[in-house]
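>>> fold the following.
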Amino acid sequence: MDQSKTQLPHFLYASKFTSAMWKLKVHLVGLIVHGIGIYGFFDVFEYPHSANLTISTLINILAMTEDLPPTLYLQMDNCYRENKNRFVLGFITLLVELGIFTKVKMSFLMVGHTHEDIDQVFSRFSSWLGRKAILTLPKLMTGFECCTTPSPTSVRTSHVWDVAGWIGKSLNKISNHSYPHVFKVEKRDGQTKLFYKKWSTDKVWLETTEQLLMNIPTDAPQPVVPILTKLDLNKLKNDIRTSFSYFKRDEDKKWWEEFFEELNSFESTSETSETPWPLQQLITNAKKRDHEIIIEQQQQDDDNEVTDLSDEDEPIPPIIVGTKKTSTLKSNGSVTVGEMVLLNLQEFCNEWPQVAQVVEIEEANSTCTIHWYKVQNQPTGSHVLSL
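So this is what the prediction gives:
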């Protein structure tokens, strides 16, 4: 999405001053978790837009997902700096190595064809901004949630980890990975391997000669300290406060003053809030999922076993060579006195099958006497049949 459209304050009608004033740049990362929801992660350029931001956003959204699937499919922008790089490939390899996923497939669109389903959400948000004046970040995030259906979820990016510095020491060197458009990571023969192909329509997967992930990092990555150098805080304060004359609500002015105090606290300290690295939570969720899959599979096996035994005990009909004879008897070959039966007698072959009742059975002669009921233009009567 064009990041200039999310700059704050966003005025519906621009004057000479508001067009030239220094504004707060707001960065939006959009994600669609198919079947679950749409998410927008907002930051104010206090974090570098690198692989760290991409991986931190990915692991945060995975931690928010209650039921992890066995296979993870990723569709990402074809951007080397943020997405298609050694660290992102190494991280998805780690997810498979730790058993969080059995397979991860990551795809990129070809150059010039970057219109993905998330772009439709950005288009709706852009259209919504064209009709509204948005002066603060909370109202911008609320607007994102109102711009389309189903309603997206806005998240303020507050935790980014230095995953590149953490996992980089455990990764092998890699080159030429900018050419393929599809990657796949899965275990083969007990080893986590990286496969790739140029296009999704290619039938043959190519395999790297060596493993990308050489070992599993044992510690946790350090949080990234927010940096405000890109904001030009002094100029931002002056221009925002000058623009207060265009603000109708005091609550919007109050938010900006509180926001400036928050930025001052960032500048005065280099400490970051203690936030647990979510990887262990993902491992726990994956173990729970795998256990449930095993229990479900065992139940299916038990059901199949009962069904198989039942099928084996059932008698099978004899193989008939030649013309199959029509039997008037039950499948077990027996009739009882008083039972109602259907007859298809030769003398009434052009009529509907007759309904009859078994009157007598002579086992010695293998015959039975039946009484059939009225047939068209024929009286009722008795008939002897051979069993």
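>>> next structured bit after the strand ranked longest in the chain?
The residue-count maximum for a strand in the chain (DSSP state E) belongs to strand 354-362. Note on strand 354-362: by DSSP states H and E, the next helix or strand toward the C-terminus is strand 367-372.
>>> each with direction, which strands does that next one pair with?
Here strand 367-372 is paired, per DSSP bridges, with strand 354-362 (antiparallel), strand 381-386 (antiparallel).
>>> worst average pLDDT in these?
Mean pLDDT values for the strands paired with strand 367-372 show the minimum at strand 381-386, a mean of 61.
>>> what segments of the stretch 1-150 of the chain are helices?
16-20, 51-64, 86-97, 117-129, 137-146 (DSSP state H, counting those that start in this stretch).
>>> buried residues in the last one?
The one in question is helix 137-146. 137-141, 143-144 (16 or more other C-beta atoms under 10 Å). (Glycine included, C-beta is placed from N, CA and C.)
>>> what is the nearest of the residues you listed to Leu89?
Phe144 (29.8 Å; C-beta to C-beta).
>>> touching, the closest one and Pro152? I think so.
Yes: in terms of C-beta atoms under 8 Å, Phe144 counts as a neighbour of Pro152; the distance is 5.8 Å.
>>> what sits in contact with each of the two?
Gly40 (C-beta atoms under 8 Å, 6 or more residues apart in numbering).
>>> quick one: low-confidence parts of the stretch 101-250 of the chain?
For the stretch 101-250 of the chain, residues meeting the criterion pLDDT under 70 lie at 113-115.
>>> rounded mean pLDDT for stretch 21-33, please.
95.
>>> what does it rub up against?
Under C-beta under 8 Å, 6+ apart, the answer for stretch 21-33 is 1, 3, 6-9, 38-45, 49, 53-54, 57, 61, 65, 117-118, 121-122, 137, 140, 144, 157, 230-232, 235-236, 238-240, 242-243.
>>> now it: buried residues?
21-32.
>>> same question for stretch 201-220.
In stretch 201-220, counting by 16+ other C-beta under 10 Å, buried: 212-213, 217.
>>> tally up the residues packed near the closest residue to Leu279 other than its chain neighbours, please.
Leaving aside its chain neighbours, Leu279 sits nearest to Ile59 (6.9 Å; criterion: C-beta to C-beta, 6 or more residues apart in numbering). Neighbourhood size, Ile59 [other C-beta atoms under 10 Å]: 21.
>>> list the contacts of Ile59.
161, 278-279, 282.
>>> nearest residue to Ser200 in space, please, no chain neighbours.
Closest to Ser200 by C-beta to C-beta, 6+ apart is Val182, at 5.1 Å.
>>> kindly check the end-to-end length of stretch 171-180 for me.
19 Å (C-alpha to C-alpha, to the nearest Å).
>>> contact partners of it?
With C-beta under 8 Å, 6+ apart, stretch 171-180 has contacts from 80, 84-87, 89-90, 183, 196-198, 206, 208, 210-214.
>>> change it to 10 Å
Stretch 171-180 has contacts (C-beta atoms under 10 Å, 6 or more residues apart in numbering) with 78, 80, 84-91, 93-94, 106-108, 164, 183, 194-199, 202, 206, 208, 210-215, 217.
>>> so which residues of the stretch 151-300 of the chain form strands?
Taking DSSP state E, counting those that start in this stretch as the test, the strands found in the stretch 151-300 of the chain are 153-156, 182-188, 191-197, 206-207.
>>> before we move on, back to that, give the buried residues for the longest strand of the chain.
Applying 16+ other C-beta under 10 Å to strand 354-362 flags 354, 356, 358, 361 as buried.
>>> repeat for stretch 178-192
Going by neighbour count (16+ other C-beta under 10 Å), the buried part of stretch 178-192 is 180-186, 192.
>>> how near is Ser158 to Asn264?
Distance, Ser158 to Asn264, by C-beta to C-beta, to the nearest Å: 17 Å.
>>> between these two, who's got more neighbours?
Taking neighbours as other C-beta under 10 Å, Ser158 and Asn264 compare with Ser158 leading, 16 against 13.
>>> contacting residues for that one?
41-43, 46-47, 60, 223, 226, 272-273, 275.
>>> just the buried ones from those?
Buried by 16+ other C-beta under 10 Å: 41-43, 46-47, 60, 223, 226, 272, out of those.
>>> let me know the closest of those to Arg131.
Among the buried ones among the contacts of Ser158, and counting by C-beta to C-beta, the member closest to Arg131 is Phe42, at 20.0 Å.
>>> which residues touch that closest one?
6, 26-29, 137-138, 140-141, 144, 154-158.
>>> thank you, goodbye.
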